[in-house]
Every structure is written in C-alpha cells, then in structure tokens.
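> what would the 3D arrangement of this be:
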Amino acid sequence: MKNDLRTMLQGVIGKSRGQLVQILYPKVCNQQLDSWECGFYVMCWIKTIIRAVITDDWNESTSPIPEDTIKQIRQEWTAYLLQRWS
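The predicted structure follows:
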C-alpha cells in the first residue's frame, strides 16, 4: 500500500497546480445495504482508485459491495493500523 501511494504521489510532483486536482463525480455507485458499511465502501474505493490509478473512468454498478470484500477491507485496515501503531 505504501508503494502504491508513493507511485501516485510521484506522478503529482512537478505538475502545475491546475493539473493536480481533477474531481470526478460518479454517475453510478455501489449502494450499501445497511448504514454501518459506508466507511468500508469509502476504504474499498480509495484502495481501488489508488491501485488501479483510476483517473477518468468509474464504476458503473449499483449492486452492493460483497460482504467478503468488506470483510477483507476491514482485515487489511486493521492489520495496517496494528502494524503502524503497535
């Protein structure tokens, strides 16, 4: 994850301020089934955007993110936070 973020940041260094930010507004996004899942949806998409270097395309599905994907994201973030602050 550190290398993914470093690669993304290196792509930004040296660009003019106008080139740094391009806001994408998704037309369609996954719809969560319950109220507690929103943070995991955000974390899942942050990971996907960074790893896939998504700059101009977006998800076109309204189906919920599968429970096993949410569980995986939860485990990855827990492992990262424990490693970082233990």
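
> and the longest helix for this structure?
For the chain, the longest helix by residue count, based on DSSP state H, is helix 67-85.

> what's it packed up against?
helix 38-52 (3 or more Cβ pairs under 8 Å, 6 or more residues apart in numbering; DSSP states H and E). For the C-beta atoms, the positions are set from N, CA and C on the backbone; glycine is no exception.

> restricting to C-alpha, output the helix it packs on in CSV.
Output of helix 38-52 as CSV, limited to C-alpha atoms (Å, rounded to 0.1, in the frame of the first residue of the first chain):
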residue,chain,number,x,y,z
CYS,A,38,-20.3,3.5,4.5
GLY,A,39,-16.7,3.7,5.8
PHE,A,40,-15.8,0.4,4.3
TYR,A,41,-17.3,1.4,1.0
VAL,A,42,-15.1,4.5,1.0
MET,A,43,-12.0,2.5,2.0
CYS,A,44,-12.7,-0.1,-0.7
TRP,A,45,-12.9,2.6,-3.4
ILE,A,46,-9.9,4.5,-2.1
LYS,A,47,-7.9,1.3,-2.4
THR,A,48,-9.2,0.6,-5.9
ILE,A,49,-8.7,4.1,-7.2
ILE,A,50,-5.1,4.2,-6.0
ARG,A,51,-4.1,0.7,-7.1
ALA,A,52,-5.7,0.9,-10.5
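
> by contact count, what packs against it?
Using 3+ Cβ pairs under 8 Å, 6+ apart, helix 38-52 sits against helix 2-12, helix 67-85.
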